[in-house]
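Participant: Okay, sequence plus prediction incoming.
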Amino acid sequence: MKMGSTPRPRNTGKIFHLQSMEGPGKAGVGCALDCGAGIGRITKRLLLPMFKVVDMVDVTESFLTKAKAHLGEEGNRVGNYYCCGLQDFVPQPQRYDVIWIQWVIGHLTDTHLIQFLKRCQKGLRPNGIICVKDNVSQEGVIEDEVDSSVCRDLASLRNIVRLAGLHVLAEEKQDNFPDEIYQVYSMALR
């Protein structure tokens, strides 16, 4: 599929201001899942200020251990610390208002990512959304020879989303990045 052959979702410029999610037809603020959570930077700065409970999943146990110290008292609202690779992780059914996936999809094969997104969809509450934020290549799929991760182009990501049975509600390109590094896009999916 050529880039641009799929109609682009409307970009409101405010899709990832999570505070605008409350109200009829919008995601709730009860529980979020931070995927590829690491030591909890996104959990601490973005998700805990907005959600009553946040679950964290990361493949590296030492990161989750550091997260408990990094989060301090705020960590009392972390419901679960899951040590698991996303290719194997199964979210609890209908638990999450938001599933946040940031800078980790490049470590999943296309097949693993499709299957993971399908499982995430089952983990959403009514009106829940999946947010993906990651590097995006200009064209094609680029493999990193050091860590074997990949950087996909936007057309590839949109195709994976479609194959997972999800729809792009909105997408947003992060501004002010130098031209010589990958673009960063955020996508809201349901």
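Facilitator: Noted; the coordinates are in hand.

Participant: contacts, neighbours, all on C-alpha from now
Facilitator: OK.

Participant: For Leu169, see how far away the residue in the chain sticking out farthest from the centre is.
Facilitator: Within the chain, Glu73 marks the point farthest from the mean C-alpha position, 24.7 Å out by C-alpha atoms, centre = their mean. Using C-alpha to C-alpha, to the nearest Å, Glu73 is found at 34 Å from Leu169.

Participant: same question, Gln94
Facilitator: From Gln94 to Leu169 the distance is 19 Å (C-alpha to C-alpha).

Participant: Can you pick out the residue with more neighbours from these two?
Facilitator: Leu169 (17 against 14; other C-alpha atoms under 10 Å).

Participant: pretty sure that one is in a strand, no?
Facilitator: Yes - note on Leu169: a strand contains this position according to DSSP: H, G, I helix; E, B strand; the rest coil.

Participant: how about the helices in the protein?
Facilitator: 41-42, 61-71, 110-123, 154-163 (DSSP state H).

Participant: Dump the ones you listed to CSV, plus distance to Gln174.
Facilitator: Below are those laid out as CSV (distance: least, C-alpha to C-alpha, whole Å):
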stretch, distance to Gln174
helix 41-42, 16
helix 61-71, 26
helix 110-123, 22
helix 154-163, 13
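
Participant: Serialize those to JSON lines and add fields for mean neighbour count.
Facilitator: JSON lines is the format used below for the helices of the chain (neighbours: other C-alpha atoms under 10 Å):
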{"stretch": "helix 41-42", "mean neighbour count": "16"}
{"stretch": "helix 61-71", "mean neighbour count": "16"}
{"stretch": "helix 110-123", "mean neighbour count": "19"}
{"stretch": "helix 154-163", "mean neighbour count": "18"}
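
Participant: need the contact list for Leu47.
Facilitator: Contact analysis of Leu47 by C-alpha atoms under 8 Å, 6 or more residues apart in numbering lists 32, 34, 54.

Participant: Closest one of these to Ile142?
Facilitator: Asp34 (25.2 Å; C-alpha to C-alpha).

Participant: wait, isn't that closest one in contact with Tyr96?
Facilitator: No - using C-alpha atoms under 8 Å, Asp34 is not in contact with Tyr96; the gap is 10.3 Å.

Participant: Same drill for those two, tell me which one is more crowded.
Facilitator: The neighbour comparison of Asp34 against Tyr96 (other C-alpha under 10 Å) goes to Tyr96, with 30 against 24.

Participant: Report the separation between that one and Gly30.
Facilitator: 8 Å.

Participant: which one among the contacts of Leu47 gets closest to Lys66?
Facilitator: For the contacts of Leu47, the nearest to Lys66 is Asp34 (15.1 Å; C-alpha to C-alpha).
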